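Enquirer: one predicted model, sequence on top.
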4 protein chains.
Amino acid sequence: MKHIDRFNLVERQEDNGNRFEESTFDTLINEIIQFRDERNWKQFHNPKDLAISLSLEASELLENFQWKSSDDAIEENIDNIKDEIADVVIYAMLFSHELGINLEQAIKEKIQKNKQKYPVDKAFGSRKKYTEF
Amino acid sequence: MKHIDRFNLVERQEDNGNRFEESTFDTLINEIIQFRDERNWKQFHNPKDLAISLSLEASELLENFQWKSSDDAIEENIDNIKDEIADVVIYAMLFSHELGINLEQAIKEKIQKNKQKYPVDKAFGSRKKYTEF
Amino acid sequence: MKHIDRFNLVERQEDNGNRFEESTFDTLINEIIQFRDERNWKQFHNPKDLAISLSLEASELLENFQWKSSDDAIEENIDNIKDEIADVVIYAMLFSHELGINLEQAIKEKIQKNKQKYPVDKAFGSRKKYTEF
Amino acid sequence: MKHIDRFNLVERQEDNGNRFEESTFDTLINEIIQFRDERNWKQFHNPKDLAISLSLEASELLENFQWKSSDDAIEENIDNIKDEIADVVIYAMLFSHELGINLEQAIKEKIQKNKQKYPVDKAFGSRKKYTEF
């Protein structure tokens, strides 16, 4: 599967030159799964523990902002912030892969749902939750 | 910017037929930013609050697994799980955009770092943290 | 056990009049365990799920501050904030009880550890983590 | 204030001998506030950052259970677990103090609310959330 994807990517690049970034979700997910399998970690990656890990990574990101303004946090911790936001999405990809969720598709559908939950005329300039409309 | 991206996509599709999914990170991020701007929400989206929101969404995902096995959680809550994992990545994209982080690039670099932190010979089949090696 | 504790409290009150609050940790923990057992919930309360729940409650508390200043959050949400901080400590008590941890004792010992991790001369007026000293 | 509390405690002990533990919530909170003030940390302890910190500590507790059964986590990490659950309650006390919340009272009231949200006849043996009754 991964092999075939890679082949397609090479083919596209030949067609297109360097006009576009090749990193689709699938390419990244494949790379992450390969990383996992080389370490024989699939055995630990049950969905519940992956959901825990995702939450822990999100906290590690947030820790960079503890006791600080956004500006100070970014100035002091931008390298770690970059690492942690990457880890969050890496776990999101591992989690989705494990559950057979097409993450790109899920995001597209959620954007559509959010448009309905937060119609422009009610949500414009408001920080209210949709349940408060 | 968004307009130009879209144009490129159309162009690529003409070149390539339908052989590849057009949803790159950029396309999704553009759509999410448009959603935000139509609601005039940029004013709330400072990095610290976005990091908080990301953490809250990760908790909402985890809540689906509270008191349950992975299997029961998935059977009972798969629709909500799909929504929540999407929200996590949507916030990751908003956050990265706000900080000028290229999320794709950050993920690629983090995978490389993880390979060095967790070399196969030490990490194989182990659930230890790299600090414990 | 609970009965005996209560009896002791009554006895103390007779000795002392109303000069002290009777709500020790033990009294509260006993009340919470009784609440749990009347609902036959011990079966769900394994330590891992209790740790998850504690984290979820802490997020629900934090949600009250999302997109807001402290002042706005308190003005708008004080009743919910009170409920959520209570839930956090209720879960901390359930968790400690389940693991046989004496929570009061653990807090006292941790304060002593924190005094050593953050000596006044290094920590005064600093928001640094002890690992950065 | 702390001085007076301490005096009262001494007085009680003289009246009562050693029949009861003196560590009420107030005693612990006073000790924690003293720790904070000796380090001049009140300046950082706004409610929003304290709520963030509480959430981060809850995550550090949960991290002990990542990739593990409850039994393995406890066997491997009981000392750290004890520290982290203590930190959670220490932050809960700092937070409550900052907002003028009487934490003991808030817990008692929340237990009463929970009894109404989860009546025994509906909640017995059920892991459902009250919104699902």
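Expert: Received, thanks. Numbers count the residues shown, from 1 in each chain, chains lettered A, B, ... in the order given.

Enquirer: so which helix or strand takes in the spatially most central residue of chain A?
Expert: Taking CA atoms, centre = their mean as the criterion, A:Val89 is the residue nearest the geometric centre of chain A, at 2.8 Å. According to DSSP states H and E, A:Val89 maps onto helix A:70-99.

Enquirer: is any residue of the helix or strand following that helix near chain B?
Expert: The helix or strand immediately downstream of helix A:70-99 is helix A:103-117, counting by DSSP H and E. Yes - using CB under 8 Å from any CB of the partner chain, helix A:103-117 reaches chain B at A:Leu103, A:Glu104, A:Ala106, A:Ile107, A:Lys108, A:Glu109, A:Lys110, A:Ile111, A:Lys113, A:Asn114, A:Lys115. Any C-beta I mention is one placed from the backbone N, CA and C, and that applies to glycine too.

Enquirer: of the residues you listed, grab the buried ones for PyMOL.
Expert: Buried residues within these, by 16 or more other CB atoms under 10 Å in any protein chain shown, are selected in PyMOL with:
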select buried, chain A and resi 103+104+106+107+110+111+114
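
Enquirer: residues contacting the residue nearest to the centre of chain A?
Expert: B:Val89, B:Ala92, B:Leu103, B:Ile107 (CB atoms under 8 Å, 6 or more residues apart in numbering or on different chains).

Enquirer: ditto for A:Ile74
Expert: Contact analysis of A:Ile74 by CB under 8 Å, 6+ apart lists A:Ile81, B:Pro47, B:Leu99.

Enquirer: excluding its backbone neighbours, what's nearest A:Ile33?
Expert: Counting by CB to CB, 6 or more residues apart in numbering or on different chains, A:Ile33 lies nearest to A:His97, which is 6.2 Å off, once chain neighbours are set aside.

Enquirer: pull the helix or strand with minimum mean pLDDT from chain A.
Expert: In chain A, the helix or strand scored least confidently by mean pLDDT, DSSP states H and E is helix A:2-16, which has a mean of 38.

Enquirer: for whichever helix or strand comes after that helix, enumerate the helices and strands it packs against.
Expert: Next along the chain after helix A:2-16, taking DSSP H and E as the criterion, comes helix A:25-38. Secondary-structure packing of helix A:25-38 (3 or more CB pairs under 8 Å, 6 or more residues apart in numbering or on different chains; DSSP states H and E): helix A:2-16, helix A:70-99, helix A:103-117, helix B:103-117.

Enquirer: hmm, 7 Å instead?
Expert: Where contact means 3 or more CB pairs under 7 Å, 6 or more residues apart in numbering or on different chains; DSSP states H and E, helix A:25-38 is packed against helix A:2-16, helix A:70-99, helix B:103-117.

Enquirer: before we move on, back to that, of the residues of helix A:103-117 next to chain B, which is the nearest to A:Ser59?
Expert: A:Leu103 (21.3 Å; CB to CB).

Enquirer: give the contact list for the closest one.
Expert: A:Phe25, A:Ala92, A:Met93, A:Ser96, B:Ile85, B:Val89 (CB atoms under 7 Å, 6 or more residues apart in numbering or on different chains).

Enquirer: residues near the residue of chain A found nearest chain D, how many?
Expert: Distances from chain A to chain D, computed as CB to the nearest CB, single out A:Ser59 as the nearest residue at 3.7 Å. Using other CB atoms under 10 Å in any protein chain shown, A:Ser59 has 29 other residues around it.

Enquirer: A:Phe133 too?
Expert: For A:Phe133, the count of nearby residues is 11 (other CB under 10 Å).

Enquirer: distance of it relative to B:Ile81?
Expert: From A:Phe133 over to B:Ile81 the distance is 25 Å, taken as CB to CB, to the nearest Å.

Enquirer: try A:Phe44
Expert: From A:Phe44 to B:Ile81 the distance is 19 Å (CB to CB).

Enquirer: these two - which one has more neighbours?
Expert: Comparing A:Phe44 with B:Ile81 by other CB under 10 Å, the one with more neighbours is B:Ile81, at 24 against 17.

Enquirer: pretty sure the more buried one contacts B:Phe65?
Expert: No - the pair B:Ile81 and B:Phe65 does not pass the contact test of CB atoms under 7 Å, sitting 8.6 Å apart.

Enquirer: show me which residues of chain A are close to chain C?
Expert: Within chain A, the positions near chain C by CB under 7 Å from any CB of the partner chain are A:Ile52, A:Ser55, A:Trp67, A:Arg127.

Enquirer: got a list of what the first one touches?
Expert: With contacts defined as CB under 7 Å, 6+ apart, A:Ile52 is in contact with B:Leu62, C:Ile52, D:Leu62, D:Gln66.

Enquirer: need phi/psi at it.
Expert: Backbone torsions for A:Ile52, taken as degrees, to the nearest 10, come to phi -60, psi -50.

Enquirer: check what pLDDT it gets.
Expert: If you check A:Ile52, the pLDDT there is 98.
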